[in-house]
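Asks: sequence-free structure coming up:
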């Protein structure tokens, strides 16, 4: 009886682990996606991306370990124990490939909505760039843009700066939400926003531009 309880707990633990892996946030893939969009918006040359393997080729690191079949486990017990392990084995065979696929999936940024908002930001960036360079505006810790020193902008252009900042922030918020939605995980939006916020500063900002740090203080890159 104790052995049966132990085996049940072990199998349930394995199932829980598979489910956990299947919903993790792919931070590295999200960063690569953020870099591609930032490069597009700022018209920077895109970094070369890893090329997919040709048909028939495989990498030792990318090959999943073959799930252990329940057929080797089931014979050690009979009755209720054998039936339980057999069912658990079939469930594991379904969950493990799904978890592995999730762990190696790319973040999709190819939807029409994402392409449209990226194009909108790209067109606006040419107008915003001079205000970033002058220090009138800067990047925020939540992936947006904010007015830093409106007094440095000629009076006739101040309304334009406010309008551009508002429009860009709407596009940015839409972009983060749409990437999460397009990948089937709306709950990833805050993680995607944080990833973009960091990469806007590290990759998108030019030397001399301002950004808010985690404490909210303006810092010059």
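Replies: It's in. None of the values given here were measured: they were computed from a predicted structure.

Asks: from now on I want contacts and neighbour counts done on CA atoms only, so please keep to that.
Replies: Will do.

Asks: after the helix or strand hosting residue 161, next one along is what?
Replies: Secondary structure from DSSP states H and E places residue 161 in helix 158-182. Using DSSP H and E, the next helix or strand after helix 158-182 towards the C-terminus is helix 189-199.

Asks: so the helix holding residue 161 versus helix 189-199, what angle?
Replies: 130 degrees (axes from the mean of the first three to the mean of the last three Cα atoms, to 10 degrees).

Asks: helix 158-182 - contacts with which helices or strands?
Replies: When contacts are defined as 3 or more Cα pairs under 8 Å, 6 or more residues apart in numbering; DSSP states H and E, helix 158-182 packs onto helix 112-134, strand 145-147, helix 189-199.

Asks: average pLDDT for it?
Replies: For helix 158-182, the per-residue pLDDT values average out at 98.

Asks: report the buried residues of it.
Replies: 161, 164-166, 168-169, 171-173, 175-180, 182 (16 or more other Cα atoms under 10 Å).

Asks: residue 135: which of these is nearest?
Replies: Taking Cα to Cα as the measure, residue 135 lies nearest residue 161 of those, at 12.1 Å.

Asks: list the contacts of that closest one.
Replies: Counting by Cα atoms under 8 Å, 6 or more residues apart in numbering, residue 161 touches 128, 131.
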